[in-house]
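Chemist: Sequence plus predicted model, see below.
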Amino acid sequence: MSDIKAETISVAYDHKMIIEHLSLDVPQGAITTIIGANGCGKSTLLKALTRIHKVEKGAIYLDGQSIATLPTKQVAQKITLLPQVLEATEGISVYELISYGRYPHQKYLGSLTAYDRSRIHWAMEVTNTIGLANNDVDTLSGGQKQRVWIAMALAQDTDTIFLDEPTTYLDLNHQLEVLELLKRLNQENGKTIVMVLHDLNLSARFSDQLIAMKDGDIQYQGAVSDILTVSNLETIFNIKAHLVEDPIHKVPVLLSYQLLP
């Protein structure tokens, strides 16, 4: 299982410092969700941890080695990122897109081995996309597309999967479909999941740990019930929250809230 940590990192975006002096050990074998107001640095942190954004100061370590010094393929064999804004897929079939996940493991470009095909088939099985294999990705519904992109990430066969707002633009049933899939991947396949979510109730229901960010720094990190408190939500979101316990999942639920002056 890959060990990922950030040590006193500072990260800029568009010449503006977003994150300064942040340190983090990514919890292994868990589902961790990053929460916080827009612009607090959630997506920037995700992209820094996966080497999409350059770190100005400090370092990200992957299994004890600075991620900045590692070959791209070696990094991609251990961690994968499903971004919020997905690339254009015009004219690409579902099978073709999912097969791209095998690129970091290929010795010859475009040459799929029997093992590659077995991992693609497994990824399609667990995401229930086998029946879509010959469809063009652009013809799919939002929920189907998200499952296909997750299948591509699974075909990459990494220990750790980072996802930036995987439920954005999905309706309620497709949100649950995607998050229940991620839960199964964590529980049955031992995948470490790190994601950014805006919905606090979904974050509570599907996470083992929460990271709450504000102004480019981690304010709180820990178990769901320890982080989702009236006091903490006031600090992070400047709201007065009314929390109750979910009678089924036994986690805090944000029932109502109002802005603080």
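Modeler: That came through, no problem.

Chemist: Isn't residue 127 up against residue 149?
Modeler: No. Judged on Cβ atoms under 8 Å, residue 127 makes no contact with residue 149 at a distance of 9.2 Å. C-betas here are computed from N, CA, C, even on glycine.

Chemist: what about the chain, any weak spots by pLDDT?
Modeler: Low-confidence segments of the chain (pLDDT under 70): 88, 108-110.

Chemist: Give me the longest helix you can find in it.
Modeler: helix 172-189 (DSSP state H).

Chemist: quick one: contacts of it?
Modeler: Residues outside helix 172-189 that contact it (Cβ atoms under 8 Å, 6 or more residues apart in numbering) are 29-31, 126-127, 141-143, 146-147, 150, 154, 161, 163, 166-167, 170, 191-193, 195, 199, 202, 205-206.

Chemist: The same query, at a cut-off of 7 Å, please.
Modeler: 31, 126-127, 142-143, 146-147, 150, 166-167, 170, 191, 193, 202, 206 (Cβ atoms under 7 Å, 6 or more residues apart in numbering).

Chemist: Which residue ranges of the stretch 151-261 of the chain form strands?
Modeler: Per DSSP state E, counting those that start in this stretch, the stretch 151-261 of the chain carries strands over the ranges 160-164, 192-196, 209-214, 217-223, 239-245, 252-259.

Chemist: Let's have those strands in CSV, adding mean neighbour count and distance to residue 11.
Modeler: Formatted as CSV, these follow (neighbours: other Cβ atoms under 10 Å; distance: least, Cβ to Cβ, whole Å):
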stretch, mean neighbour count, distance to residue 11
strand 160-164, 24, 15
strand 192-196, 24, 15
strand 209-214, 22, 12
strand 217-223, 16, 12
strand 239-245, 15, 27
strand 252-259, 14, 29
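
Chemist: Just checking the distance from stretch 145-162 to the centre of its chain.
Modeler: 10 Å (Cα atoms, centre = their mean, to the nearest Å).

Chemist: follow-up on the earlier one: now render the strands of the stretch 151-261 of the chain as CSV, adding distance to residue 48.
Modeler: Supplementary listing: the strands of the stretch 151-261 of the chain in CSV, determined by distance: least, Cβ to Cβ, whole Å:
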stretch, distance to residue 48
strand 160-164, 11
strand 192-196, 12
strand 209-214, 12
strand 217-223, 13
strand 239-245, 27
strand 252-259, 28
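
Chemist: List the contacts of residue 12.
Modeler: So residue 12 contacts 18, 56 (Cβ under 7 Å, 6+ apart).

Chemist: Apply 6 Å and report the result again.
Modeler: residue 56 (Cβ atoms under 6 Å, 6 or more residues apart in numbering).
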